[in-house]
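> structure, please.
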Amino acid sequence: MKKGQRQVTIALMRDEIEYDAQSILSVIADTLPSEETAHVKHIYNDICEGENARRTIRFADTAFAVLAEHLHGYTATPIGGDITTDDIAHTPDVYTLAMQMDGDTSSSQVALIKVLSHDYMVLAIVCGWLALIGSDRLDYYAAKRDTALADAVKAADSHNRIGRVTPFFGNT
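A predicted model of the protein is given here:
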């Protein structure tokens with residue numbers, strides 16, 4: 001860690017993320033036109049049931065990887081030696097972002113990054129599910145997801161003089 005920096009750890013709870021995604025999809029199901037069948041409405045509510053729970057976890061895992069990559073300037077840690085992967089699926093209960101931030105980063109800024117990161121992951125799960133079932137509401141929620149991700153990155157950059165490292169301009 002560089003002088004003047006501190007590590008900030010943000011924990012995103014998987015069960016809270018899934019609950020919020022399920023809540024959004026329940027609202028969508030409740031607002032479907034009355035001519036929709038009960039089966040169609042049930043599909044929206046079926047996100048965390050049985051085998052669908054595995055799909056939800058995959059959506060969450062992918063969303064977390066994308067989030068960490070977009071916050072690369074703060075979350076990147078060097079890898080010693082070779083990178084190894086395995087074929088064992090993991091199911092984390094907590095997604096943890098360990099970020100290197102300026103020493104004068106405020107707690108309100110960290111709280112904002114946490115809320116926006118949580119929202120991004122929730123909306124990524126919702127978008128994955130809407131794409132899977134072929135919903136016409138996907139574009140709306142995809143735009144909200146993309147905005148939440150951009151806002152999380154902007155919040156991380158807003159008060160940090162470290163900035164993001166770019167190959168052409170150095171630190172910004």
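
> which residue ranges of this protein form strands?
5-13, 94-102, 165-166, 170-171 (DSSP state E).

> and Thr9, what are its bridge partners?
Ala98 (DSSP bridges).

> buried ones in stretch 8-21?
For stretch 8-21, the buried set under the neighbour-count rule, 16 or more other CB atoms under 10 Å, comprises Val8, Ile10, Leu12, Arg14, Ile17, Glu18, Asp20, Ala21. In short, each C-beta sits where N, CA and C put it, glycine included.

> can you show me the CA trace of that stretch as PDB?
The C-alpha atoms that make up stretch 8-21 are tabulated as PDB, following Å, rounded to 0.1, in the frame of the first residue of the first chain:
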ATOM      1  CA  VAL A   8     -11.300  -0.100   2.600                       C
ATOM      2  CA  THR A   9     -13.200  -3.300   2.600                       C
ATOM      3  CA  ILE A  10     -16.800  -3.300   1.300                       C
ATOM      4  CA  ALA A  11     -18.900  -6.400   2.000                       C
ATOM      5  CA  LEU A  12     -21.900  -7.200  -0.200                       C
ATOM      6  CA  MET A  13     -24.100  -9.800   1.200                       C
ATOM      7  CA  ARG A  14     -25.400 -12.300  -1.400                       C
ATOM      8  CA  ASP A  15     -28.700 -13.000   0.400                       C
ATOM      9  CA  GLU A  16     -29.500  -9.300   0.500                       C
ATOM     10  CA  ILE A  17     -28.600  -8.900  -3.100                       C
ATOM     11  CA  GLU A  18     -30.900 -11.900  -4.100                       C
ATOM     12  CA  TYR A  19     -33.700 -10.600  -1.900                       C
ATOM     13  CA  ASP A  20     -33.600  -7.200  -3.500                       C
ATOM     14  CA  ALA A  21     -33.500  -8.800  -7.000                       C
END
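
> which residues are in contact with that stretch?
Under the contact criterion CB atoms under 8 Å, 6 or more residues apart in numbering, stretch 8-21 has outside partners 47-48, 56-57, 60, 64, 91-101, 105, 110, 113-114, 117-118, 121-123, 125-126, 129.

> buried ones among those residues?
47-48, 56-57, 60, 64, 95, 97, 99-101, 105, 110, 113-114, 117-118, 121-123, 125-126, 129.
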